[in-house]
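Q: need coordinates for the following:
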Amino acid sequence: MGCVSAVPVPQPQARTAAAPGAAGSRRSLALGLILGAAGAAVVLLASGQTWAEGRAAVGGGSLPLTADGRDVTGLPAALAVVGLAALVAVFAVRGVGRLVVAGLLALSGLGAALSACLAASDSAALDEKAAQTTGDTSATVQALAHTPWPYVTAAGGLLILLAGLLALRYGRLWPGMSGRYERNGTPRPRRAATLDPDRPEDLWKALDQGEDPTR
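A: Numbering: from 1, shown residues only. Coordinates of the predicted model:
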């Protein structure tokens, strides 16, 4: 009985090796989207809450005053909007452009967090309200107190920062916004529509599109 030569069976090593990378790309993409969107939502929500409270002396009594985050500083909310725009733009560009946009996303989160922390103990907004209320330009707020909302805003900024760092690390593996174009940038050819010569509306449609309905 003759010897039968063993034919090597190809092993699916390449596929199994590529699968963890694809799974990691999907996880980082989902996590980046969640962190960026959640962080921007937290910053915008917390910026509208009361950051500082105090009282202004009026006549023989005092008037309670409050200042929300946008009264104290509008920078965190503005940077959150920039972060949202950068999060969407990450999928519209590729290569170096994606790295630049990812860096902008990270910087907007860092800026929102830092500006919120720096303004957490600010009293200028309430002092201005006290001067307007009393009509005395030298009036200042009394019994000043601050709420935790600036630090909640800063936490939202850190979430945006994490989304930017993920985009910097894994963004090159993320898909683009549109799949209409091939990797070399050329548009994919459109499939020719099937025309029924017995249907007049199909013939008119072909003529409108500049096609030859007799083909």
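Q: confirm A143 sits in a strand?
A: Yes - looking at A143 with DSSP: H, G, I helix; E, B strand; the rest coil, it is inside a strand.
Q: list the contacts of it.
A: A143 sits next to G54, R55, S62 when contact means Cβ atoms under 8 Å, 6 or more residues apart in numbering. Any C-beta I mention is one placed from the backbone N, CA and C, and that applies to glycine too.
Q: identify each buried residue in stretch 144-151, please.
A: For stretch 144-151, a neighbour-count test (16 or more other Cβ atoms under 10 Å) marks L144, H146, T147, W149, P150, Y151 as buried.
Q: return the subset of those lying in helices.
A: W149, P150, Y151 (DSSP state H).
Q: now render these as TSV, adding distance to D122.
A: Shown next, in TSV, are these (distance: Cβ to Cβ, whole Å):
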residue	distance to D122
W149	13
P150	9
Y151	13
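Q: can I get stretch 85-104 in PDB, CA atoms only?
A: Presented in PDB, the C-alpha positions along stretch 85-104 are these (Å, rounded to 0.1, in the frame of the first residue of the first chain):
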ATOM      1  CA  ALA A  85     -18.100  68.700  17.400                       C
ATOM      2  CA  ALA A  86     -14.600  67.100  17.500                       C
ATOM      3  CA  LEU A  87     -16.100  63.800  18.500                       C
ATOM      4  CA  VAL A  88     -18.200  63.800  15.400                       C
ATOM      5  CA  ALA A  89     -15.400  65.100  13.200                       C
ATOM      6  CA  VAL A  90     -13.100  62.200  14.300                       C
ATOM      7  CA  PHE A  91     -15.100  59.900  11.900                       C
ATOM      8  CA  ALA A  92     -15.100  62.400   9.100                       C
ATOM      9  CA  VAL A  93     -11.300  62.600   8.700                       C
ATOM     10  CA  ARG A  94      -8.500  60.100   8.400                       C
ATOM     11  CA  GLY A  95      -4.800  59.900   8.900                       C
ATOM     12  CA  VAL A  96      -3.100  63.000  10.400                       C
ATOM     13  CA  GLY A  97      -6.400  64.900  10.400                       C
ATOM     14  CA  ARG A  98      -7.900  62.300  12.700                       C
ATOM     15  CA  LEU A  99      -5.000  62.700  15.100                       C
ATOM     16  CA  VAL A 100      -5.400  66.500  15.100                       C
ATOM     17  CA  VAL A 101      -9.100  66.300  15.800                       C
ATOM     18  CA  ALA A 102      -8.600  63.700  18.500                       C
ATOM     19  CA  GLY A 103      -6.100  66.000  20.100                       C
ATOM     20  CA  LEU A 104      -8.600  68.800  20.000                       C
END
